[in-house]
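Trainee: Next input, structure requested:
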Amino acid sequence: LCPAQFGTEADYAELVAALEARGHPVGVAPLVFTDWLQILKSIPTPEYWRADLSPDQALPFYYKAIEAGAAALRNEYPGRKVQLLAHSIGGWISRAYLGQLP
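Mentor: A predicted model of the protein is given here:
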């Protein structure tokens, strides 16, 4: 599950429980509120000031969280397909993440 901006696993506990009760294993990208402060590193870049900042430059912390969550699910459920479920900006970021994969 790819959370909304500033979202954490605790924010999605009810949704996770409901999905798991229906037999769907769920992992939440391991983000904490303060992870979002990493975006501030993008401000002094020329790309930021030209309004040409790519998600790859601004959001590597979120990409790593998606990778960590997917890896945990693959380890726990080998051979099963991992699907992304996203909320709000998490949807936009997950699409950008998938778009940069080979």
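
Trainee: Does anything pack onto the helix or strand of the chain with the lowest mean pLDDT? Which helices or strands?
Mentor: One helix or strand of the chain scores below all others by mean pLDDT, DSSP states H and E: helix 55-58, with a mean of 93. Contacts defined by 3 or more Cβ pairs under 8 Å, 6 or more residues apart in numbering; DSSP states H and E place helix 55-58 against helix 89-99. All C-beta spots, glycine's among them, are computed from the backbone N, C-alpha and C.

Trainee: give me the number of residues near residue 67?
Mentor: For residue 67, the count of nearby residues is 12 (other Cβ atoms under 10 Å).

Trainee: just use 810 as the starting number from now, easier for me
Mentor: Fine by me, first position is 810 from now on; the one you just mentioned is residue 876.

Trainee: Tell me the spacing between it and residue 907.
Mentor: Distance, residue 876 to residue 907, by Cβ to Cβ, to the nearest Å: 12 Å.

Trainee: again, but for residue 847
Mentor: For residue 847, the distance to residue 907 - Cβ to Cβ - is 21 Å.

Trainee: neighbour count winner among the two?
Mentor: Remark: of residue 847 and residue 907, residue 847 carries more neighbours, 13 against 10, as counted by other Cβ under 10 Å.

Trainee: Compute the number of surrounding residues for the closest residue to that one other than its chain neighbours.
Mentor: With sequence-adjacent residues excluded and distances taken as Cβ to Cβ, 6 or more residues apart in numbering, residue 847 is closest to residue 870, at 4.6 Å. By other Cβ under 10 Å, 14 other residues sit near residue 870.

Trainee: swap in residue 825?
Mentor: Neighbour count of residue 825, defined by other Cβ under 10 Å: 18.

Trainee: same check, this time on the one 3 residues further on
Mentor: A count of nearby residues for residue 828, using other Cβ under 10 Å, gives 15.
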